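[1] All I have is the shape, not the residue letters:
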């Protein structure tokens, strides 16, 4: 049995946010191939019922399995709240909630942790539950930031308007003396410059892509996940609906990564 | 045959935006009853395919017809782009595109007209086509404003952040010397204070609710639509999914109108 596995790692999201996770993974694992699925025809997941989000997530996983991936990364906070299994259909599955929560606790001396997310993710309390399950002494303070996704999609990062809105959302949270802040939506790393300008350097930011990369690294070391050989890799992006806006924003987010192919598929 | 008809006027939207139309109609027609349907379980319509938007709109109309309404107002720009009939299932139907386009041409001496809308509405070019169909000499300039809906839903009207974002979107449009501006999304009247602060008093704003009210008034005069008698009226709001956020924002938008009932229904 080979110690290597050249098959791609499957990554899915409802749309473009998960590309920040893909960028981070592609950067950290330069020999791994990736197959990204953006379920743009059915976005957003955030306003749908838990049953529907679960159904769509299962369909996405089954689709990626048929494309012969070796693991699944759920690069979407909303979908992650509905898929808690570490394994599905025989594949290792990585959601963003557990790695993000564990990473925050690792970085936080005071255990006073802030969480930013969409209204759906904050309402689900998924991070709060996971952090308190890992450390019942922790204190979690959360804030829904409904304007962050449209600001990220408009490409207004590092913009005075965005800085002002970030300040508006973060100011009440910062009153709680947090030392660590989870970016609980895969769109938010796009606004990282504006966010860190408001938090200053004394607050650690936890980004889903970086947190998941650590878990993949561990599993590659333990052998749960086999590495690819040091050979050229491919990055393929599939979407379920065509959108010129997706293509434009995708290349902006992925920079300097260039996908080998972007195409539309039917699930 | 009676000259009066006490049955309610049915109004539908994918969510809360259409409440600005309901508020205007309830204000202008104080004896008419209204039955509002917010299809919150399936929102947003803006990112869905034309076929799906058409199907949902037909289902909403059939549902309202079963509740015995006397007419249908489509208080949603996206749905209006897919239902162009003046009559459906034997009921008079009013969409927002035709009245808004006609009203803009009426108000504009220079025939230089601006249109604001969601990305989906602007991409559909529905206002541009309708205005040019009515007057081929007109010039139409449009601008998608993806941040306006989340700003309106956050309740940040008349806020410095909103004023800044309105200025950002409107500035290129104002270079074209428009004298009339269509608010081509039923959420946008919530931001009217910020918008008129940027446009100044020399540019006329066209609001879907006001434009549709004029058409209903005409049809009541011509007899196509029978008025209710001068008796107490009811305002009922139905939604397809429960949301505390909907209830909170609905009462803010409708003020000073108070609905008699708000409840969840299955279509």
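    It's in. Being a predicted model, the structure only gives us computed values, none of them experimental. Numbers count the residues shown, from 1 in each chain, chains lettered A, B, ... in the order given.
[2] neighbours of residue A:191, just the number please.
    Using other C-beta atoms under 10 Å in any protein chain shown, residue A:191 has 26 other residues around it. Just so you know, the C-beta spots here come from the backbone N, C-alpha and C atoms, and that holds for glycine as well.
[3] how near is it to residue A:185?
    Distance of residue A:191 to residue A:185, given as C-beta to C-beta, to the nearest Å: 10 Å.
[4] do the same with residue A:109
    When residue A:109 is compared with residue A:185 (using C-beta to C-beta), they lie 25 Å apart.
[5] More neighbours: the two, which one.
    Ranked by neighbour count (other C-beta under 10 Å), residue A:109 and residue A:185 place residue A:185 first, with 29 against 8.
[6] Which residues are in contact with the more buried one?
    Contacts for residue A:185 (C-beta atoms under 8 Å, 6 or more residues apart in numbering or on different chains) come out as A:17, A:77, A:116, A:117, A:118, A:121, A:145, A:148, A:149.
[7] now do 10 Å
    Counting by C-beta atoms under 10 Å, 6 or more residues apart in numbering or on different chains, residue A:185 touches A:17, A:20, A:46, A:76-78, A:96, A:115-118, A:120-122, A:144-145, A:148-149, A:152, A:191, A:208.
[8] Let's see which of the residues you listed end up in helices.
    Mapping these onto helices (DSSP state H) picks out A:20, A:77, A:78, A:120, A:121, A:122, A:148, A:149, A:152, A:208.
[9] Just give the number of residues close to the nearest residue to the third one once chain neighbours are set aside.
    Going back to what we said before, that points to residue A:78. The shortest distance from residue A:78 to any non-neighbouring residue, by C-beta to C-beta, 6 or more residues apart in numbering or on different chains, is to residue A:45 (4.3 Å). By the other C-beta under 10 Å criterion, the neighbourhood of residue A:45 contains 22 residues.
[10] just residue A:159 next, same as before
    Residue A:159 has 16 nearby residues by other C-beta under 10 Å.
[11] Check the secondary structure at the residue nearest to it when sequence neighbours are not counted for me.
    Nearest non-adjacent residue to residue A:159, counting by C-beta to C-beta, 6+ apart: residue A:194, 7.3 Å away. Secondary structure state of residue A:194, per DSSP: H, G, I helix; E, B strand; the rest coil, is helix.
[12] Then residue A:233?
    Applying three-state DSSP to residue A:233 yields a three-state assignment of coil.
[13] Dihedrals phi and psi, the closest residue to it other than its chain neighbours?
    Nearest non-adjacent residue to residue A:233, counting by C-beta to C-beta, 6+ apart: residue A:33, 4.3 Å away. The phi and psi values for residue A:33, taken as degrees, to the nearest 10, are phi -90, psi 150.
[14] hang on, residue A:33 packs against residue A:227?
    No - using C-beta atoms under 10 Å as the test, residue A:33 is too far from residue A:227 to be in contact (11.4 Å).
[15] what touches both of these two?
    A:6, A:70.
[16] Give me the more crowded residue out of those two.
    residue A:33 (20 against 17).
[17] follow-up on the earlier one: give me the common contacts of residue A:191 and residue A:185.
    Common neighbours of residue A:191 and residue A:185 (C-beta under 10 Å, 6+ apart) are A:116, A:145, A:148, A:149, A:152.
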